[in-house]
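> Predicted model follows, preceded by the sequence.
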Amino acid sequence: MSIRKADFGTTKGGAKASLYTIVNENGMEAAVTDFGAILVSLKVPDAAGGRTDVVLGFDSIEGYEGNPSFFGSTIGRNANRIAGAAFTLDGVEYRLADNENGNNLHTDIQHGFHKVMWEGEADEQTDSVRFSYVSPDGENGFPGTLKVTVTYTLQADNALKIAYDAVSDKKTVINLTNHSYFNLAGHDAGSICDEKMTILADGFTEILPGAIPTGRTVPVEGTPMDFRTARRIGDRIDEDWEQLTLVQGYDHNWALHTEPGTLSKIARVDDEKAGRSMEVYTDLPGVQFYAGNCIDPQTGKGGASYGKRCALCLETQYFPNSVNTPSFRQPVFEAGQAYHTETVYKFL
């Protein structure tokens, strides 16, 4: 194992960004930057001895200062959506950025965790890079000064583990995720509709217009949401079925059978043509499967053309709008209460 550190450019504000590249004994590489604690590239070996970068992204810091699709981003303080861009804790209402049709999406598009500088630290003893950030009380509307770390570890079994730790000095919402976009044939390979998806969940959170959950968890049985056995992503994605047409395809949260603090396998993606598979493990209650329906046409790494459904996301999380839905497991943490969660993306 080795970790290299290199210059990754300068932000518009004059901050110097760095790129940390972790390499394991199999030749797999994970590159992460202290701007936004972002996963920039993930080069996975193949049977022919080559390596393919399987995540969308940009070649320099300039791309990530825009990044309208959140490629590779650490999302915080709250991932996904909060209805009405507001929530109440102990009788106090907290207002957030109204950035998606009256709701809040991913905290703040321009000022969330994916757009701040983190303090980076490489640890060759654990094959990890740890990013730390202190979010001041009131930042983006959330109460409490939050101390947060995101640790990327590249394992010998070709798994990338992402560990999240945080603690606040006030009661607050904490719901972090990674927003990487995967294409197992390569970030520049085009549509993911021929890839096969497995999601080990028998229910999903039904949505209203605006992609806010109704509060009901609906069985996947007999619907296009049933991925309990491997099925081609493109098979039913364009069906005239309201839950799909509301968000132009798959962009929903599946309810998982996980236990807090225990990693469980929750999903698998297979690209038979590329001969590559990815398993996902988490201890969180939900995963948002987003099929890239609304990726705007743009130029990515190496001049690659990105667009609709050229990659997919599997964002582990608390359910969308959990803080406003008492029946959902809550992402609310008391002052001094530790937040810790892990997600693993393992390649086969």
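Thanks, I have it.
> ok, now which ones touch residue 9?
17, 60, 61, 62 (CB atoms under 8 Å, 6 or more residues apart in numbering). The way it works is simple: take the backbone N, C-alpha and C, and place the C-beta from them, glycine included.
> from those residues, which ones fall inside helices?
When the contacts of residue 9 are checked against helices (DSSP state H), the matches are 61, 62.
> and the contacts of residue 9, which are buried?
Burial by neighbour count, 16 or more other CB atoms under 10 Å: within those this picks out 17, 61.
> could you dump the contacts of residue 9 to a markdown table with pLDDT and distance to residue 290?
Formatted as a markdown table, those follow (pLDDT from 0 to 100; distance: CB to CB, whole Å):
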| residue | pLDDT | distance to residue 290 |
| --- | --- | --- |
| 17 | 98 | 26 |
| 60 | 94 | 25 |
| 61 | 96 | 25 |
| 62 | 96 | 25 |
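> Between the contacts of residue 9, which sits nearest residue 123?
residue 17 (19.4 Å; CB to CB).
> wait, isn't that closest one in contact with residue 118?
No - assessed by CB atoms under 8 Å, residue 17 is found out of contact with residue 118, at 9.8 Å.
> just to revisit the earlier point, from the contacts of residue 9, which two are the most distant?
17 and 62 (10.2 Å).
> Tell me where the stretch 51-200 of the chain has helices.
61-66 (DSSP state H, counting those that start in this stretch).
> which residues in it form strands?
51-53, 73-75, 81-82, 86-89, 92-95, 104-105, 119-123, 128-135, 146-154, 159-168, 172-173, 177-179, 196-199 (DSSP state E, counting those that start in this stretch).
> Just the buried residues of the fourth one, please?
Of the residues in strand 86-89, those buried under the neighbour-count criterion (16+ other CB under 10 Å) are 86, 87, 89.
> how about the nearest residue to the first one once chain neighbours are set aside, what does it touch?
Using CB to CB, 6 or more residues apart in numbering and skipping residues adjacent in sequence, the residue nearest residue 86 is residue 95, 5.2 Å away. When contacts are counted by CB under 8 Å, 6+ apart, residue 95 touches 85, 86, 141.
> Which one of the residues you listed is nearest to residue 303?
Using CB to CB, the contacts of residue 95 come closest to residue 303 at residue 85, 37.0 Å.
> mind checking how far that closest one is from residue 138?
According to CB to CB, to the nearest Å, residue 85 and residue 138 sit 15 Å apart.
> Please identify which of these two sits among more neighbours.
residue 85 (19 against 12; other CB atoms under 10 Å).
> Residue 98 is in contact with that one, correct?
Yes - with contact defined as CB under 8 Å, residue 85 reaches residue 98; the gap is 4.3 Å.
> Touching both of those two, which residues are there?
Joint contacts of residue 85 and residue 98 (CB under 8 Å, 6+ apart) are residue 104.
> tally of neighbours for residue 229?
8.
> Skipping adjacent residues, who's closest to it in space?
residue 198 (6.8 Å).
> Count the residues that sit near that neighbour.
19.
> Residue 52 pairs with what?
Beta-bridge partners recorded for residue 52 (DSSP bridges): residue 44.
> all helices for the stretch 201-348 of the chain, in order.
Under DSSP H, counting those that start in this stretch, the stretch 201-348 of the chain gives helices at 242-245.
> Return, as residue ranges, the portions of the stretch 101-250 of the chain with sub-threshold pLDDT.
Counting by pLDDT under 70, the stretch 101-250 of the chain has no low-confidence residues at all.
> Can you give me the distance of the residue at the greatest distance from the centre of the chain to residue 19?
Distance from the C-alpha centroid of the chain peaks at residue 91, with 30.7 Å (CA atoms, centre = their mean). As judged by CB to CB, residue 91 and residue 19 stand 45 Å apart.
> Is it possible to get JSON lines of the contacts of residue 9 that adds distance to residue 282?
Formatted as JSON lines, the contacts of residue 9 follow (distance: CB to CB, whole Å):
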{"residue": "17", "distance to residue 282": "28"}
{"residue": "60", "distance to residue 282": "31"}
{"residue": "61", "distance to residue 282": "29"}
{"residue": "62", "distance to residue 282": "32"}
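> From the contacts of residue 9, pick the one nearest residue 77.
Using CB to CB, the contacts of residue 9 come closest to residue 77 at residue 17, 21.7 Å.
> contacting residues for that closest one?
7, 8, 9, 10, 11, 33, 34, 35, 61, 117.
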